[in-house]
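>>> Quick one: sequence plus predicted model below, questions after.
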Amino acid sequence: MNYFKEHESDQMTVNDLCEKMNKLCGESSYSNVYMKKKVLEHFDNNVVITELNGKQNVVTFKTTAHSILHLFYKRSNANDKECEKRAFIKTAGKLILNEIKNMTKLTKEQYPSSADIMSIDSNYEYLPEGLLCFLQQLIDSTNKNRKISSIGQAIIRAAIPRKVIAPLQIGLGVQMHHHFGSKFLIETLNSLGFCSSYHEVQRFEQSAAVSQGIQIESLNEQFVQFIGDNVDHNTGTIDGLNTFHGMGIIAAITPSKEQRHTIPRIHTTGEDIIAVGKIDIKFYKQSTNKMESMFFQKLSSIDDVEDQLEELNFLIKLARPLKPELPGWSGTMQLVQTGNFPGKSSVVFMPMLNLNPNDMSCIFSTLYFIACQSRKMNTTPVLTFDQPLYWKAGIIFFSVLSVLDRLGS
C-alpha cells in the first residue's frame, strides 16, 4: 500500500499491485480478487477502481482539494521558511494535478477538431483554472496566450499521458509529418513533451482517411470540376525500382465548401484504407476508332491572313514603357468577368490510380469513377485533362460515356 501511495500519479491495475507484492512476499502474495478487496478496505472512499483505456481494474486516487489543504495545515516544521516555501509549492502542485485529473473534457475516443486545434481561444480555455492561473504568473510576453496554451497542454499530457490527446500536440505532430515526413523529428519533439508520438500521428492520419473517405458532402449550388493528370513519386531511386507513375485526381468545388467533422480515434488496417481509397479498374477494349473518320480542313496560308491586331500590338509595345495605370492580368480578368465573384475554390483529393496515365484502361477507369461520383452528388460530371489525355478521352466519349471533357493545361 505504501508503494501505491508513492506512485499515486500513475495508473496502476490490481494485477500490477499483485505482481509487486509477489516480488516482495513471494508465495504469500494476494490474489487479484483479494487484493482488490484489501485496497478498498485500506483506502476506503479515497480510491476508485474502474476500467480505463481497455485495462481492467485500474486503481486511481480520488484526491480532493480539501484533503490536500488538510495535509498542508497538518505539516510539521511550519516555522522553517525554506520548508514553508517548499510546502507551499508542493501543495500548489498537488492542487493543479488534482484539477488536471478531474478535467471533464478529456477523451481519447475522438481527436480534436481542426477548429479546436487552430483556435487560440479554444486551446486557452482547454487548460484547467488552476494551471492557467499558475502559468499567467510565470509568462508575461507577446503572444502569451499561445505560449501558455502550448506549455499548459504539455504539462497536462506529462501529468496524465494515457488519458489525453492535447489539441496543440497532435496538431504539431501532424504538421511536422506533413512538411518533413520525419519520424526522427516527431519522436524527438515527443520525447521533449511538445507533440504527440509518431505512432499517434500515424493513427490520426489513418483514422482520418477511413472516416472521411472520398465522398463529397451534399452540395448547395456549388460547381464541382474534377481534374486528372499524371502524378509521380520516387522518380529518382538508385535502382529504378519502387517508383510510382499514375493518375492523380482532385475535385475543385466553387465556391469553397469546408468539410469539417470530428475524427474518431479508431483502429484501422491496411485493408480498411484500401477499401476506402480504391478505384475499380475498368478495362477498355476499343472496337473501332471513330476519330479516324475525322479530318482537318486545309489551313489557309499564313501569308494570306491579314493581321488585324498589328496596330493593337504596336500600341501595347508603345504604352508599356510609359507605365500607364492599366490593370494587370488578374485585373483584366475581373474586367471581362460578368456577374458576382463566386469566391475561391476548395480542393478535395481523390484516390490515385496505379496505372500508366496514357493507358486507355486507366483513362476509362478515371472517367467511370468520376461519373459514379457525380451521380452520387446529382451533378453533371465535368473533367479537365491536358491535351494528350483529352484526345484519348475523346475517343472513349464517342463510344461509351457521357462526360463533359474540358481541355486544360
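Now that the structure is in, tell me what you want to look at. In this text the structure is predicted, and so the values were computed from the model without any measurement.

>>> For the stretch 101-250 of the chain, which segments are assigned as helices?
With helices called from DSSP state H, counting those that start in this stretch, the stretch 101-250 of the chain shows them at 114-118, 120-125, 129-138, 144-159, 167-180, 183-191, 198-212.

>>> From the chain's centroid, how far away is the fifth one?
This means helix 167-180. Centroid separation for helix 167-180 versus its chain: 8 Å, with CA atoms, centre = their mean, to the nearest Å.

>>> buried ones in stretch 355-365?
Under the neighbour-count criterion of 16 or more other CB atoms under 10 Å, stretch 355-365 has 355, 357, 360, 362-365 buried. Placement of C-beta: from N, CA and C, glycine included.

>>> Same list, the helices of the stretch 101-250 of the chain, but as a markdown table with distance to F341, mean neighbour count and mean pLDDT please.
Listed next are the helices of the stretch 101-250 of the chain as a markdown table, based on distance: least, CB to CB, whole Å; neighbours: other CB atoms under 10 Å; pLDDT from 0 to 100:
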| stretch | distance to F341 | mean neighbour count | mean pLDDT |
| --- | --- | --- | --- |
| helix 114-118 | 26 | 15 | 90 |
| helix 120-125 | 30 | 14 | 93 |
| helix 129-138 | 43 | 15 | 92 |
| helix 144-159 | 34 | 18 | 94 |
| helix 167-180 | 30 | 19 | 95 |
| helix 183-191 | 40 | 16 | 96 |
| helix 198-212 | 29 | 18 | 92 |
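
>>> Which one, of these, ends up nearest to N98?
helix 129-138 (8.2 Å; CB to CB).

>>> What is that closest one packed up against?
helix 81-101, helix 144-159 (3 or more CB pairs under 8 Å, 6 or more residues apart in numbering; DSSP states H and E).

>>> Which other helices and strands does the longest one contact?
Read that as helix 81-101. Right, helix 81-101 is packed against helix 65-73, helix 129-138, helix 144-159 by 3+ CB pairs under 8 Å, 6+ apart.

>>> Ok, the last one next?
Using 3+ CB pairs under 8 Å, 6+ apart as the contact test, the elements touching helix 144-159 are helix 81-101, helix 120-125, helix 129-138, helix 167-180.

>>> end to end, how far does stretch 272-280 reach?
15 Å (CA to CA, to the nearest Å).

>>> ok, now stretch 269-284?
By CA to CA, the extent of stretch 269-284 from end to end equals 32 Å.

>>> Same question for it: list its buried residues.
For stretch 269-284, by 16+ other CB under 10 Å, it's 276, 279, 284.

>>> mind showing which ranges of the stretch 301-409 of the chain have poor pLDDT?
302, 304-305, 308, 323-324, 326, 328-329, 332-333, 336, 398-409 (pLDDT under 70).

>>> which residue ranges form the strands in it?
346-349, 382-385, 404-407 (DSSP state E, counting those that start in this stretch).

>>> still on that earlier bit, so which of the helices of the stretch 101-250 of the chain comes closest to C25?
Of the helices of the stretch 101-250 of the chain, the one closest to C25 (CB to CB) turns out to be helix 144-159, at 31.4 Å.

>>> N340 is nearest to which of the helices of the stretch 101-250 of the chain?
Taking the helices of the stretch 101-250 of the chain one by one with CB to CB, helix 114-118 is closest: 27.7 Å.

>>> just checking, what packs against the closest one?
helix 120-125, helix 167-180.

>>> any chance of the ones you listed in JSON lines, plus distance to L312?
Formatted as JSON lines, the helices and strands packed on helix 114-118 follow (distance: least, CB to CB, whole Å):
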{"stretch": "helix 120-125", "distance to L312": "53"}
{"stretch": "helix 167-180", "distance to L312": "47"}
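
>>> Point out the one among these that comes closest to Q334.
helix 167-180 (33.4 Å).

>>> quick one: the closest one to helix 183-191, angle?
Put simply, helix 167-180 runs at 160 degrees to helix 183-191, going by axes from the mean of the first three to the mean of the last three CA atoms, to 10 degrees.

>>> ok, C18 to E27 distance?
12 Å (CB to CB, to the nearest Å).

>>> The two: who's more crowded?
A direct count of neighbours by other CB atoms under 10 Å for C18 and E27 places C18 higher, at 18 against 5.

>>> so that one sits right up against Y30, yeah?
Yes: using CB atoms under 8 Å, C18 makes contact with Y30 at a distance of 6.1 Å.

>>> if we can go back for a sec, would you turn the helices and strands packed on helix 81-101 into CSV with distance to E109?
Converted to CSV, those look like this (distance: least, CB to CB, whole Å):
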stretch, distance to E109
helix 65-73, 28
helix 129-138, 23
helix 144-159, 17
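
>>> so which of those gets nearest F296?
Among those, helix 144-159 sits nearest to F296 (CB to CB), with 62.9 Å.

>>> residues in contact with that closest one?
9, 97, 100-101, 103, 120-121, 123-124, 126-127, 131-132, 135-136, 139, 141, 164, 166-169, 193-194 (CB atoms under 8 Å, 6 or more residues apart in numbering).

>>> cool, and stretch 343-352?
So stretch 343-352 is contacted by 214, 216, 226, 231, 244, 246-259, 277-279, 369, 373 (CB under 8 Å, 6+ apart).

>>> can you rerun that using 7 Å?
214, 216, 231, 246-257, 277-279 (CB atoms under 7 Å, 6 or more residues apart in numbering).

>>> For that stretch, C-alpha coordinates in CSV please.
The C-alpha atoms that make up stretch 343-352 are tabulated as CSV, following Å, rounded to 0.1, in the frame of the first residue of the first chain:
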residue,chain,number,x,y,z
GLY,A,343,-15.5,33.0,-54.2
LYS,A,344,-12.4,30.9,-54.1
SER,A,345,-12.5,27.2,-54.7
SER,A,346,-11.7,24.4,-52.3
VAL,A,347,-9.8,21.3,-53.4
VAL,A,348,-10.6,17.7,-52.3
PHE,A,349,-8.1,15.0,-53.1
MET,A,350,-9.4,11.8,-54.7
PRO,A,351,-7.6,8.4,-54.8
MET,A,352,-4.7,7.8,-57.2
